[in-house]
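[1] Sequence and computational prediction follow.
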Amino acid sequence: MPRRTSETRGSDADGHIGYLLRRAQVAVRNHIERALADLGVTHPQFLVLTMVNAYEGLSSADVARISLLTPQTVNVIVQNLERDGLIERSPDPVHGRILRLALSDAARPLLKRCRGRVNAIEKRMLVGLSATEERAVRRWLAGLAVTFGEKDGV
């Protein structure tokens, strides 16, 4: 069997599908990290800011569930974002121990800049796909999440 070089490994679509998904996820995440670095935002911070913007009033536990991060990680991220004046927490009117999250006014323009950069990366991910192929990929990925996430309690 011929030995594979780094050149052949980089384009080998015949590998294990789980490995290919993982490689793609790591490559995209690293690219996003580099794109946001000069703004002082990490990829997990971007995820939290995005979720709080989309679903204002969530608790940290809610954000952890929908962002696929651990509650401990989200708590640290929220503390840092609050320290930096990007997130505000307020007690839930009914259940005072639950703290509801909201973006601060300072976070909105920063998130807009981050979103622009991430949108450009996501657009680049789709280069070469027709609209039909993009829909098929989106359905396939969403289906994987349902098939393996919900059954496994994720």
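    Noted; the coordinates are in hand.
[2] Name the residues that touch the host helix or strand of Ala27?
    Ala27 belongs to helix 17-37 when assigned by DSSP states H and E. Helix 17-37 is contacted by residues Ala13, Thr42, His43, Phe46, Cys114, Arg117, Val118, Ala120, Ile121, Met125 when judged by CB atoms under 8 Å, 6 or more residues apart in numbering. No exception for glycine: its C-beta is placed from N, CA and C like everyone else's.
[3] tell me which residues in that helix are buried?
    Within helix 17-37, the residues that qualify as buried are Val28, His31, Ile32, Ala35, Leu36, counting by 16 or more other CB atoms under 10 Å.
[4] Return the distance of the last one relative to Ser104.
    What that stands for is Leu36. Spatial separation of Leu36 from Ser104 under the definition CB to CB, to the nearest Å is 18 Å.
[5] now swap in the fourth one and tell me
    Here the distance between Ala35 and Ser104 works out to 22 Å (CB to CB).
[6] how about the nearest residue to Asp92, chain neighbours excluded?
    Spatial nearest neighbour of Asp92, chain neighbours left out: Ile98 (4.0 Å); criterion: CB to CB, 6 or more residues apart in numbering.
[7] And for the residue nearest in space to the middle of the chain, nearest residue in space, chain neighbours not counted?
    The geometric centre of the chain, computed from its C-alpha atoms, lies nearest to Leu47 (CA atoms, centre = their mean), at 4.6 Å. Leaving aside its chain neighbours, Leu47 sits nearest to Ser67 (4.6 Å; criterion: CB to CB, 6+ apart).
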